[in-house]
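Peer 1: With the input below, show me the fold.
(chains A and B)
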Amino acid sequence: MNRTPEGSTCASFADDLGALAVGALTGRERADVLSHVERCASCAAELESLSTSADALLSLYPELEPGEGFAERVTARIEGDSPSRRRRPTRSLLVVAAAVMVLALAGGLTAVLAGRNPGNQGTAATATLQSPTGPAGKVVLTSGHGNWLVMMLEENHATGTVTCRVTLTDGSTRTVGRFALHGGYRPWTVRLPVPPSDIVAVTVTGQDGNVLASAAV
Amino acid sequence: MAAGDGTAAAALVRRREGRVYGIALTITGDRAAAEDIAQETFLRVWRHAAVFDAHRARAETWISTIARNLAVDFVRARRTTPVDPQDGLMERGGPSHDPAIEDHMVASELVDQVKIAVAALPAEQRRALLRAAYYGESAAEVATAEVIPLGTAKSRIRLALAKVRDTMAEEKGAFDEPDA
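Peer 2: Residues are numbered from 1 along each chain as shown, chains lettered A, B, ... in the order given. Next up, the predicted model:
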């Protein structure tokens, strides 16, 4: 039985292995179990075995027809995704894509694309996240059917779980969510507890509380 | 699959689109999101095909896992604001609100070893496993929805997975035995 530096044993991780195999662990908990598995051959073997069962469960999902022309749309995206296009320019496209996705979810897409002042029906603000070393991503705020924030954070600016806070017009701050950075460059969305018009800044902090990036809205 | 081969890409998409879209729609319950996730899945498959190791996983499993992870990321991001898990399950037709899904898997043709193994589970273990493995809920969400301690939720998931493994092994052994 292996013992970690913290004194935990294989027995204390036994049930976690099943949850890990089906992707049901998140954040610190997942990291702790993975850290143990890396050092414990017997738990690594059990995880491998349980993961085989978890993989088999994928066959239970139904096969459903996507919309007409799906294959053509995917093929067009693949053909337009040459390696030379995939680096910095594509990141910008991903930011736009993420923003569009969230705006569509929030119902403000039509108004924003049309450039109209949507008044109470939907507003949007976009700002660049700045880290101590330069631009670190984008943040988009929108309202309409709910208030939403979407963020694209370049993950080489941080690892692990980060916290997103907003600063309000009255100077107070609110935590709106936490998310884990897994590598790559992906969108993160959260429903805002206040309208975007009440927000003057967005801040991302690491687990040690240091500010990783911020944006004035 | 050779990177850059548009014909191969089209063939791949047509062969796998049903399962990939099915995974995305089952987990998200949102057709627009499911289409976006399915597209992104194939884009990632195409980009990373060169590093796929066929000795470690079947291609179908690999592609399905990408789709599932993207869909789970989507619903977890959407759930960041605390919500009543029951509401979420109602939106997505989860196991406690849509017995037809369990019926689909369990009561229909039980010819597949996985379906047989899942059907053989005790009900509380089957619910915990399906919530986590099929609908992408975290262990904490399973605990909340089932009104059980987190440790119990993890234990049920682990026991269920182990039983699925053992039942599948027995089924395989039974099929492998020569006729008397």
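Peer 1: is chain A contacted by stretch B:28-42?
Peer 2: Yes. Remark: stretch B:28-42 sits within contact range of chain A at B:31, B:32, B:34, B:35, B:36, B:38, B:39, B:42, by C-beta under 8 Å from any C-beta of the partner chain. Any C-beta I mention is one placed from the backbone N, CA and C, and that applies to glycine too.
Peer 1: residues of that stretch that come out buried?
Peer 2: For stretch B:28-42, the neighbour count (16 or more other C-beta atoms under 10 Å in any protein chain shown) marks B:28-30, B:33-42 as buried.
Peer 1: again, but for stretch A:208-217
Peer 2: For stretch A:208-217, a neighbour-count test (16+ other C-beta under 10 Å) marks A:212, A:213, A:214, A:215, A:217 as buried.
Peer 1: Show the contacting residues for the nearest residue to the fourth one once chain neighbours are set aside.
Peer 2: Excluding the flanking residues, the one nearest residue A:215 by C-beta to C-beta, 6 or more residues apart in numbering or on different chains is residue A:127, at 3.9 Å. Residues in contact with residue A:127 (C-beta atoms under 8 Å, 6 or more residues apart in numbering or on different chains) are A:138, A:139, A:202, A:215, A:216, A:217.
Peer 1: Restricted to strands, list these.
Peer 2: Residues of the contacts of residue A:127 located in strands (DSSP state E): A:138, A:139, A:202, A:215, A:216.
Peer 1: could I get those residues as TSV with pLDDT?
Peer 2: Listed next are the ones in strands among the contacts of residue A:127 as TSV, based on pLDDT from 0 to 100:
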residue	pLDDT
A:138	76
A:139	79
A:202	91
A:215	89
A:216	88
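Peer 1: which one of the buried residues of stretch A:208-217 is nearest residue B:157?
Peer 2: Nearest to residue B:157 among those is residue A:212, at 33.5 Å by C-beta to C-beta.
Peer 1: The closest one against residue A:163, yeah?
Peer 2: No. Using C-beta atoms under 8 Å, residue A:212 makes no contact with residue A:163, being 9.4 Å away.
Peer 1: And for the single nearest residue of chain A relative to chain B, nearest residue in space, chain neighbours not counted?
Peer 2: Nearest to chain B in chain A, going by C-beta to the nearest C-beta, is residue A:18, at a distance of 2.8 Å. Leaving aside its sequence neighbours, residue A:18 sits nearest to residue B:158 (C-beta to C-beta, 6+ apart; 2.8 Å).
Peer 1: Quick check: next helix or strand after the least confident helix or strand in chain A by mean pLDDT?
Peer 2: Least confident helix or strand, chain A: helix A:109-114 with a mean of 30, by mean pLDDT, DSSP states H and E. Tracing the chain C-terminally past helix A:109-114 and defining elements by DSSP states H and E, one meets strand A:124-131 next.
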